[in-house]
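**Q** Got a predicted structure here, sequence first:
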Amino acid sequence: MLDIKLVRNDPDLVKENIKKKFQDEKLPLVDEVLELDQKFRASKGRGDELRQQRNQISKEIGKLMGQGKKAEAEEVKKQVQAIAGELEAMERQEAEMTEEIRKRMMVIPNLIDPSVPIGKDDSENVEVERFGEPAVPDFEVPYHTEIMERFAGIDLDSARKTSGNGFYYLMGDIARLHSAVLSYARDFMIDKGFTYCIPPFMIHGNVVEGVMSQTDMDAMMYKIEGEDLYLIGTSEHSMIGKFIDTILPEAALPQTLTSYSPCFRKEKGAHGIEERGVYRIHQFEKQEMIVVCKPEESMDWYEKMWRYSVELFRSMDIPVRQLECCSGDLADLKVKSCDIEAWSPRQKKYFEVCSCSNLGDAQARRLKIRVKGEDGENYLPHTLNNTVAAPPRMLIAFLENNLQADGSVKIPAPLRPYMGGKEVLIPKN
């Protein structure tokens, strides 16, 4: 959400940003906000005049009563009551205008960084850099669930009976590998100086509204019937929500946290749920990284965070690339974002495994997260998030890139302590 002062002082900049995001249908919102804001400020000015007038008249009542002029005092009281009635009506109107302004401001997208490439959708995202050599082996790489089934490691049919499409049972070595990746990712981030956290897996509606746009909320979040609670789609939601309505001392920045959680997503829209795969599913687990920092430090943290993802994947012998998200592919709260994509030897292309985002002060403004500076003045911090590891999607990349010709899967050295020292997994089927 933008600062109302920015919309007021530079509406053309806000409109140009909307155009860059190819959301022209939102352009009228800017003028609507300006009109409502003008009426609101005029009403506030008139209200101040009335309050001053009421105070002056109220003093006259005391004087008249002291002089024994009760009849005149009663007439003046009627003036005060009339002013009070007008003020009450104005305050109701101001509350309504405030809500109407807020509704529109919540929909107007955040200003994107000047470095963001302009494009309509994810087809126009820009590859920036590759890390590791993408290779295609001289043997056939099966579909990822087929690899897992060779290890008796997945049961989609039973999950479909208990829960429907988009769910799975992981078993044996594959389930252990899943947990090993998460544990390794956790310790990887702890070694980077991040504080480990397990957050609530359900949050109130005002927190959801604070961390994401209404469009994303409707497409992603599951609501608990009869409760003001939503299942989190990522631990970023509850981790940023941890700071709601707080004033942090500047010395406490940056807040660097890495959190584990299950994640629940509707996955509505064009992509849909896979019937036989585990790439797009309703339930998965994830290790996340979150940073709350000074505004001037957020781009440095953005750079560090996506590079942590690259380092983690390369340590497991998985080639990756950084893909810069174009303007039309950025969610409304994001200033800048990139995906880290892993190489798929089977598909002979890259696919998304991490998403790193700088949201500027949008979440802080919505959630009233403030920092008290050394000068005693409060300011809004910037918030960032990035995926550390999200199996089972990450398992697809891991299994395909570490699969051997005989069907076994090698375990890179960093993962072996979490796999009981195993160097290779041998298929059962």
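**A** Thanks, I have the structure now. On a predicted model such as this, the values are computed, not experimentally measured, just so you know.
**Q** so where do the strands sit in the stretch 1-150 of the chain?
**A** 126-131 (DSSP state E, counting those that start in this stretch).
**Q** Model confidence score at the nearest residue to Gln53 once chain neighbours are set aside, please.
**A** Nearest residue to Gln53 in three dimensions, chain neighbours excluded: Ile83, at 6.3 Å (CB to CB, 6 or more residues apart in numbering). For every residue, glycine as well, the C-beta is placed using N, CA and C. As summarised for this prediction, Ile83 has a pLDDT of 78.
**Q** swap in Arg276?
**A** Arg276 is assigned 74 on the pLDDT scale.
**Q** Now the helix or strand bottoming out on mean pLDDT in the chain: buried residues?
**A** Here the helix or strand of the chain ranked lowest by mean pLDDT, DSSP states H and E is helix 214-220, holding a mean of 77. Neighbour-count burial for helix 214-220, counted by 16 or more other CB atoms under 10 Å, picks out 217, 220.
**Q** Heading C-terminal from it, find the next helix or strand.
**A** Going down the chain from helix 214-220, the next helix or strand is strand 222-223, by DSSP states H and E.
**Q** which helices and strands sit right next to that next one?
**A** strand 230-231 (3 or more CB pairs under 8 Å, 6 or more residues apart in numbering; DSSP states H and E).
**Q** elements contacting the strand it packs on?
**A** Secondary elements touching strand 230-231 (3+ CB pairs under 8 Å, 6+ apart): strand 202-203, strand 222-223.
**Q** Neighbouring strands - and their directions - for the last one?
**A** Read that as strand 222-223. strand 230-231 (antiparallel) (DSSP bridges).
**Q** what mean pLDDT would you report for the strand it pairs with?
**A** 94.
**Q** Let me see the residues that make contact with it.
**A** 201-205, 208, 221-224, 264 (CB atoms under 8 Å, 6 or more residues apart in numbering).
**Q** picking that back up, out of the helices and strands packed on strand 230-231, which is the most enclosed?
**A** Among those, ranked by average contacts under mean count of other CB atoms under 10 Å, first place goes to strand 202-203 (a mean of 20).
**Q** And the next helix or strand past that one?
**A** The first helix or strand that comes after strand 202-203 along the chain, using DSSP H and E, is helix 205-211.
**Q** buried residues in that next one?
**A** Result for helix 205-211 [16+ other CB under 10 Å]: buried residues 207-211.
**Q** quick check, distance from it to the centre of its chain.
**A** 10 Å (CA atoms, centre = their mean, to the nearest Å).
**Q** what do you get for stretch 235-242?
**A** 8 Å.
**Q** CA atoms of it as PDB?
**A** Extracted as PDB, the C-alpha positions of stretch 235-242 are listed here (Å, rounded to 0.1, in the frame of the first residue of the first chain):
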ATOM      1  CA  SER A 235       5.300 -18.900   6.800                       C
ATOM      2  CA  GLU A 236       6.100 -15.400   5.500                       C
ATOM      3  CA  HIS A 237       2.500 -14.600   6.400                       C
ATOM      4  CA  SER A 238       2.800 -15.300  10.100                       C
ATOM      5  CA  MET A 239       6.400 -14.300  10.300                       C
ATOM      6  CA  ILE A 240       5.800 -10.800   9.000                       C
ATOM      7  CA  GLY A 241       2.600 -10.700  11.100                       C
ATOM      8  CA  LYS A 242       4.700 -11.300  14.200                       C
END
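**Q** Show me what the helix ranked longest in the chain is packed against.
**A** If you go by DSSP state H, the chain has its longest helix at helix 27-66. Under the contact definition 3+ CB pairs under 8 Å, 6+ apart, helix 27-66 sits against helix 4-9, helix 11-20, helix 70-105.
**Q** what's the distance between the residue of the chain positioned farthest from its centre and Gln81?
**A** Computed with CA atoms, centre = their mean, the residue of the chain farthest from its C-alpha average is Gly68, at 67.0 Å. According to CB to CB, to the nearest Å, Gly68 and Gln81 sit 22 Å apart.
**Q** what bits of the stretch 51-200 of the chain have low per-residue confidence?
**A** 59, 61-62, 64, 66, 74, 76 (pLDDT under 70).
**Q** What residues of stretch 362-381 count as buried?
**A** Those would be 362-367, 369-371, 380-381, for stretch 362-381 by 16+ other CB under 10 Å.
**Q** Just the ones in helices from the residues you listed, please.
**A** Per DSSP H, the subset of the buried residues of stretch 362-381 in helices is 362-367.
**Q** Max pairwise distance over those: which two?
**A** Greatest spatial distance in these: Ala362 and Leu367, 9.6 Å, computed using CB to CB.
**Q** what's the distance between Ala362 and Leu384?
**A** From Ala362 over to Leu384 (counting by CB to CB), the distance is 11 Å.
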